[in-house]
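**Student:** Generate coordinates for the sequence data below:
(chains A and B)
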Number of protein chains: 2
Amino acid sequence: MAQLTIDGNSRDAAAKLKVDYPWIRTPVVASAPMRLIADIDLTLAVCRAGGIGFLAGGTDVSQMDQQCQKLKEALEPTPIASRVGVQPYGLGFITWGAPLEASVAVIQRHKPAAVWFFAPQKLKDLVDWTQRTRAASPETRIWIQVGTVADAIEATELCQADVLVLQGQDAGGHGYYSAASIVSLVPEVEDRLEAWSKASGKPTPIIFAAGGIMDSRAFAAALTLGAHGIVLGTRLLAANEAIIADGYQEALFAAEDGGTATARSNLYDTLRGTLGWPEAIGGRGVLNRSWEDSKKGMSMEDNKILYDKAMKLGAKGWGFDKQTEGHAYVGKVEDGRMTAYAGTGVGLLKRRQPAAEIVLEVREGVMGKLTRASGAMLP
Amino acid sequence: MAQLTIDGNSRDAAAKLKVDYPWIRTPVVASAPMRLIADIDLTLAVCRAGGIGFLAGGTDVSQMDQQCQKLKEALEPTPIASRVGVQPYGLGFITWGAPLEASVAVIQRHKPAAVWFFAPQKLKDLVDWTQRTRAASPETRIWIQVGTVADAIEATELCQADVLVLQGQDAGGHGYYSAASIVSLVPEVEDRLEAWSKASGKPTPIIFAAGGIMDSRAFAAALTLGAHGIVLGTRLLAANEAIIADGYQEALFAAEDGGTATARSNLYDTLRGTLGWPEAIGGRGVLNRSWEDSKKGMSMEDNKILYDKAMKLGAKGWGFDKQTEGHAYVGKVEDGRMTAYAGTGVGLLKRRQPAAEIVLEVREGVMGKLTRASGAMLP
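**Tutor:** Sure, this is the predicted structure:
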């Protein structure tokens, strides 16, 4: 078996990440700033496990000052090694909705190691976001999430993104309807960035891959495709520290065959009354009774009435009942009406775990998966 | 850097493949039996380059006897090492349309090393196909292409498929609308097969991954995900040996940003008058004027009239004109009307090459991509 030799580019990227986020362990895991789900506990647990945790600001940043204050207090007794001048965590913003002024004020006051921008109405809108952020907190690194090659190039040229998060079609929650998976997206972006770098003389951004990555198999795959790190989203919905209803988690554990059990649509945004997402973006979630009824022709008005009723039922709203004996739930995701955003990897989600355990497991399995891949080559 | 040690399962699978297809080189590349495109020359070139080439029978097998006869004649002066009793190539059948009796007769007469079945109306239909094939040519290995975890399990249980081809959403041409990419599909199938094998005591099939795989980056990724080999489809549309119009190839070379430049639909089947595909299946192709017009509300009837006119225009039908000086084409894929089936990896397709060069390039780059992935791990 051939011995692996060091690859210049990927080793350089890892070294650069280690400088920017001194507490990390490699290969690098980041956690997606999932709105309403990725709060203080999940962010801290991921960072303490050597990942880059992102707290979700979402579209409403009115609580972020308080959240950052709590993070600071939680870090005081047992600090995490950070760079001078920044706090050892990231903050995520949904840029079509989050107010620019207030968001920049939070960034200026709390100086996160990184910010993550996603879903502007137009990518050009991020020029303001990045310039204002860099003025307010020069040491804060800027992560921009994109889903196409064109946006990857634009985010690089216009915003000099430090990190591009390349989101593939498999991703849960919000993403572009028209999109490849990371299988072809990451390599095409890599080639285009390389050509751009050669022509411009400028360095290429660090690449994180997102979408369908549930364990060390897909982590290793992302690295061979050309990514320097990965993002966990759906997998962390099973974390003890995620802010997530029991019924939502049960729906995820029950879902199988992720490519057919989920779909990307605007149904759940409409039912929940979440308005404002750019038209090109939909949310991938587990298919359930709301979806079936909608497909059968039920009006959105009637569907919403039933959705609002389901909201009052706890786990039952997702199709699950607590057993009278023991703590287990029984039920079927098909009987649920409530939203359970998840990626195509949902079939691989089986049980609740501490976030730290998830991050370690995913990271530490990578070498073994590269090894097994090499087994496909006979001497 | 850690040294790669041998992985039992993946090494065993490679050894088994080497027994079944003695001419192959590892890691193993197969070529998709692309209807009307993968004919004698492409099949032979792939096999001679150490891959497993599949000649496309499609839905009409009336020419297959003649094609197999030509393959036999071509192999006489410079044979390819095969197993006793079988010819060193594969044959592909589109099982909703190909006549069972006539297909089995071809298999019986020519005894290919492998057959590839895709797209039955119901997966159960393949029980007949596999039983009849095994009776007619016991040494012929049976490959079944599926797009979901459920079908993968069913093809294993009902048909004892020797090889499962797991097709992800990125794939060009025909595939399932509701499908994950190989990023989550391959791992979920692997886990389910492992559980099934443990419960049944039966061995699991060999796994080939298809969909979005253009070069050694995605090849290495497929192996880390759990596949034992890969299928090239779109990448081989650029092969000198593919039966493909110049205009079609130009459209592929021009297309960029494969996730947005292609879509899966039934538009092109309808325009071409190809009827009979199962409803759950659509063809991914490059978006062009036909697509735009259809989206703007043009009737299928009017669109088809324009399509039929475009069919008479040569390369111009795909939006390209031959320059008066030199052999290069100029034009825009957006101006074309003709079908150009391709996967999301189309943005990585840049030039015509001999099939052998493609197979070698893709295969020989794998170790380097595993190496670079390992660079993401700092010591």
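**Student:** Which residue, other than its chain neighbours, is closest to A:Glu188?
**Tutor:** Computed as Cβ to Cβ, 6 or more residues apart in numbering or on different chains, the closest residue to A:Glu188 that is not its neighbour in sequence is B:Gly347, at 4.4 Å. Heads up, the C-betas are built off the backbone N, CA and C, glycines and all.
**Student:** is it true that that neighbour touches B:Leu252?
**Tutor:** No - using Cβ atoms under 8 Å, B:Gly347 is not in contact with B:Leu252, being 9.5 Å away.
**Student:** tell me which residues of the longest helix along chain A are tucked away?
**Tutor:** In chain A, with assignment by DSSP state H, the single longest helix is helix A:182-200. Using 16 or more other Cβ atoms under 10 Å in any protein chain shown as the test for burial, helix A:182-200 gives A:Ile182, A:Val183, A:Ser184, A:Leu185, A:Val186, A:Pro187, A:Glu188, A:Val189, A:Glu190, A:Asp191, A:Arg192, A:Leu193.
**Student:** Check stretch A:103-110 too.
**Tutor:** Residues A:Ser103, A:Val104, A:Ala105, A:Val106, A:Ile107, A:His110 are the ones in stretch A:103-110 that count as buried (16+ other Cβ under 10 Å).
**Student:** ok, now stretch A:119-126?
**Tutor:** Buried-residue list, stretch A:119-126, by 16+ other Cβ under 10 Å: A:Ala119, A:Pro120, A:Leu123, A:Leu126.
**Student:** need the contact list for the last one.
**Tutor:** Going back to what we said before, that points to A:Leu126. A:Thr95, A:Phe117, A:Pro120, A:Ile144, A:Ala155, A:Leu158, A:Cys159 (Cβ atoms under 8 Å, 6 or more residues apart in numbering or on different chains).
**Student:** Going by secondary structure, it is in what exactly?
**Tutor:** Secondary structure here is read from DSSP states H and E; on that basis A:Leu126 sits in helix A:125-136.
**Student:** do the second one as well
**Tutor:** Assigned by DSSP H and E, A:Pro120 falls within no helix or strand.
**Student:** I'd say A:Gly212 and A:Val346 touch.
**Tutor:** No - taking contacts as Cβ under 8 Å, A:Gly212 lies outside contact range of A:Val346: 9.8 Å.
**Student:** Next, show the common contact partners of the two.
**Tutor:** A:Gly258.
**Student:** ok, back up a step: ok, so of the buried residues of stretch A:119-126, who is nearest chain B?
**Tutor:** A:Leu123 (13.4 Å; Cβ to the nearest Cβ).
**Student:** And that closest one, how far from A:Ala161?
**Tutor:** Distance, A:Leu123 to A:Ala161, by Cβ to Cβ, to the nearest Å: 11 Å.
**Student:** any shared contact partners between those two?
**Tutor:** What both A:Leu123 and A:Ala161 touch, as defined by Cβ under 8 Å, 6+ apart, is the set A:Ala155.
**Student:** Tell me the residues of the stretch 51-200 of chain A that contact chain B?
**Tutor:** Residues of the stretch 51-200 of chain A found near chain B (Cβ under 8 Å from any Cβ of the partner chain) are A:147-150, A:168-170, A:176, A:178-188, A:190-191.
**Student:** Not counting the host helix or strand of A:Ala114 itself, show me its contacts.
**Tutor:** For A:Ala114, the host element (DSSP H and E) is strand A:112-118. Residues outside strand A:112-118 that contact it (Cβ under 8 Å, 6+ apart) are A:20-21, A:33, A:52, A:54, A:68, A:82-83, A:86-95, A:107, A:126, A:129-130, A:133, A:137, A:139-145, A:162-163, A:165, A:174.
**Student:** in its sheet, what does that strand sit against?
**Tutor:** If you go by DSSP bridges, strand A:112-118 pairs up with strand A:87-94 (parallel), strand A:141-146 (parallel).
**Student:** what's around A:Gly276, how many residues?
**Tutor:** Using other Cβ atoms under 10 Å in any protein chain shown, A:Gly276 is surrounded by 11 other residues.
**Student:** shouldn't it be in contact with A:Gly97?
**Tutor:** Yes - A:Gly276 is within contact range of A:Gly97, at 5.4 Å (criterion: Cβ under 8 Å).
**Student:** who touches both of these two?
**Tutor:** The contact lists of A:Gly276 and A:Gly97 share A:Thr59, where a contact means Cβ under 8 Å, 6+ apart.
**Student:** ok, and does stretch A:215-231 reach over to chain B?
**Tutor:** Yes - residues of stretch A:215-231 contacting chain B under Cβ under 8 Å from any Cβ: A:Asp215, A:Arg217, A:Ala218, A:Ala220, A:Ala221, A:Ala222, A:Leu223, A:Thr224, A:Leu225, A:Gly226, A:His228, A:Gly229.
**Student:** So for the last one, what's the pLDDT?
**Tutor:** Listed pLDDT for A:Gly229 reads 98.
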